[in-house]
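Novice: Pasted the sequence and its predicted model underneath.
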Amino acid sequence: MKRKVTKAIFPVAGLGTRFLPATKSIPKEILTLVDRPLIQYAIDEARAAGITEFIFVTSRGKSALEDYFDDAPELENQLRKSGKTQLLDILESTNMDSGAIAYVRQNRALGLGHAVWCARRLVGDEPFAVILTDDVIAADKPCLQQMMEAYEETGGNIVAAMEVPHERTSSYGVLDIAEENGAVVKAKGMVEKPKPEVAPSNLAVIGRYILTPEIMNNLNAKKQGAGGEIQLTDAIAEEISKGNPVYGYRFRGQRYDCGSKAGFLQATVAFGLAREDLRDEFSDYLTDLIAMRSAAE
């Protein structure tokens with residue numbers, strides 16, 4: 001019988017150097033798309049998928065991220081007195097129940113696999129999800145919820161997957177496909193950041209995972225992989241070599257790489273245009289801006 005997935009790990013220990021100087025004092029994960037921090041999108045997606053325990057792998061300088069989920073009684077009281085009930089509802093939706101969040105520290109940056117391994121005692125012998133906040137996915141049904149539904153059918157390990165241009169495979173973990181069944185593919189191998197000429201496919205792994213507790217056992221060995229880091233991809237691939245199932249799930253939705261400046265800007269535009277309260281004014285501005293640039297050229 002498959003065990004229900006109720007725990008999710010959020011590796012948020014990175015320094016966010018691609019967004020300096022902003023991230024000198026602000027954790028990258030609370031940079032905002034329109035008016036919601038990246039971490040809020042990840043938390044909302046996890047909640048929609050039935051996650052009830054949230055494990056953050058943090059590092060030094062992340063106290064603002066931890067404070068974000070606390071109650072803000074002074075602000076809430078002021079909004080209540082002012083009759084700003086809509087803002088109060090928005091604010092209260094960011095609060096987390098006491099005990100729902102746990103924090104563990106990654107004291108050295110040794111890779112994604114190491115960050116996940118840091119949460120091993122909190123995961124125990126249960127299956128768990130991993131959500132990377134850099135990957136923001138716009139979807140009618142949240143990506144992790146889609147994966148949970150697939151997990152009910154397949155069990156095993158499931159990774160979110162999307163096709164990428166062959167020349168970009170060196171930026172991703174890539175699946176070697178054994179079988180295809182609609183949105184679900186069974187993998188016979190996984191390779192971390194392969195060169196395009198040797199990549200087994202162009203089906204890349206992105207930042208959503210549902211994993212069995214055996215993955216933690218594989219990470220215990222702390223084997224160094226690509227880039228000299230402990231790679232989560234390698235630990236998942238080890239399950240394939242043991243004969244345990246690993247699946248890729250082609251999710252329905254648009255993924256934005258908010259770990260890059262270009263991706264973050266693309267997501268900002270897309271999410272801004274999706275908002276009814278912003279769409280018309282923002283669309284008019286973009287149209288005028290394009291017209292002015294075309295005229296200038």
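Specialist: Ah, there it is. Source: prediction; values computed, not measured. Numbering: from 1, shown residues only.
Novice: nearest residue to the spatially most central residue of the chain other than its sequence neighbours?
Specialist: In the chain, the residue lying closest to the centroid (C-alpha atoms, centre = their mean) is L132, at 2.5 Å. Distances taken as C-beta to C-beta, 6 or more residues apart in numbering put G207 closest to L132, at 2.8 Å, once the chain neighbours are dropped. In this view, the C-beta of every residue, glycine as well, is placed from N, C-alpha and C.
Novice: ok, now E163?
Specialist: N202 (5.4 Å).
Novice: before we move on, the earlier item: partner strands of the helix or strand harbouring the residue nearest to L132 and their direction?
Specialist: For G207, the host element (DSSP states H and E) is strand 203-211. Under the criterion DSSP bridges, strand 203-211 sits next to strand 128-131 (antiparallel), strand 157-163 (antiparallel), strand 173-181 (antiparallel) in its sheet.
Novice: For the stretch 151-297 of the chain, which residues score under the pLDDT cut-off?
Specialist: The stretch 151-297 of the chain contains residues with pLDDT under 70 at 224-228.
Novice: Quick one: the strands in it, in order.
Specialist: Using DSSP state E, counting those that start in this stretch, the strands of the stretch 151-297 of the chain run over 157-163, 173-181, 184-192, 203-211, 246-250, 254-257.
Novice: would TSV of those strands with mean neighbour count and distance to A48 be doable?
Specialist: Converted to TSV, those look like this (neighbours: other C-beta atoms under 10 Å; distance: least, C-beta to C-beta, whole Å):
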stretch	mean neighbour count	distance to A48
strand 157-163	23	15
strand 173-181	18	25
strand 184-192	20	20
strand 203-211	24	12
strand 246-250	23	16
strand 254-257	19	17
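Novice: quick one, which of these is nearest to A295?
Specialist: strand 254-257 (29.7 Å; C-beta to C-beta).
Novice: got the contact list for the closest one?
Specialist: 134-139, 162, 206, 263-264, 266-267, 270 (C-beta atoms under 8 Å, 6 or more residues apart in numbering).
Novice: how does it look with 7 Å?
Specialist: 134-138, 162, 206, 263, 266-267, 270 (C-beta atoms under 7 Å, 6 or more residues apart in numbering).
Novice: From those, which land in helices?
Specialist: Of the contacts of strand 254-257, the ones assigned to helices by DSSP state H are 263, 266-267, 270.
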